[in-house]
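Engineer: Return a 3D structure for these sequence lines:
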Amino acid sequence: MLIVLGVIGLIVAAALKAGNRPAADAATTASGYSAALAAPGEKVEQAELDGNRILVTLSGPAGEELVVLDAGSGRVLGRIAIKAKP
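Structural biologist: Numbering: from 1, shown residues only. This next block holds a predicted model:
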């Protein structure tokens with residue numbers, strides 16, 4: 001009887017824990033990272049990993065842009081715009 005009650009307790013605890021997850025918004029992918037890194041018309045030219053930072057080089061009609069991301073969270077730490085020559 002105690003084994004049956006223990007198994008039921010585990011199932012109830014798992015169901016309660018699964019129900020407390022925060023709802024994902026439209027800008028978040030399944031991995032939890034932001035889905036919008038590049039603007040329309042831009043493409044990723046290069047990505048380099050250094051420790052827990054990722055440097056992404058984007059190119060587009062307005063020139064190039066360097067984006068520094070945190071590898072653990074996917075959060076954008078900084079952006080450096082490199083304007084195209086007129």
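
Engineer: CA only for contacts and neighbour counts going forward, please
Structural biologist: Noted.

Engineer: ends of stretch 53-70, how far apart?
Structural biologist: This stretch, stretch 53-70, spans 5 Å end to end (Cα to Cα, to the nearest Å).

Engineer: May I see the buried residues of it?
Structural biologist: Buried positions in stretch 53-70, judged by neighbour count with 16 or more other Cα atoms under 10 Å: 53-60, 64-70.

Engineer: average model confidence for that stretch?
Structural biologist: Averaged across stretch 53-70, the pLDDT comes to 86.

Engineer: what's it in contact with?
Structural biologist: Applying Cα atoms under 8 Å, 6 or more residues apart in numbering, the set of residues contacting stretch 53-70 from outside is 38, 41-49, 52, 71, 75-84.

Engineer: could you redo the last one with a cut-off of 6 Å?
Structural biologist: Stretch 53-70 is contacted by residues 41-48, 71, 75-84 when judged by Cα atoms under 6 Å, 6 or more residues apart in numbering.

Engineer: all helices of this structure, in order?
Structural biologist: Applying DSSP state H to the chain gives helices spanning 2-19.

Engineer: Where does pLDDT dip in this protein?
Structural biologist: 16-38, 84-86 (pLDDT under 70).

Engineer: try it again with 50
Structural biologist: Scanning the chain with the threshold set as pLDDT under 50 gives 24-31, 34-35.
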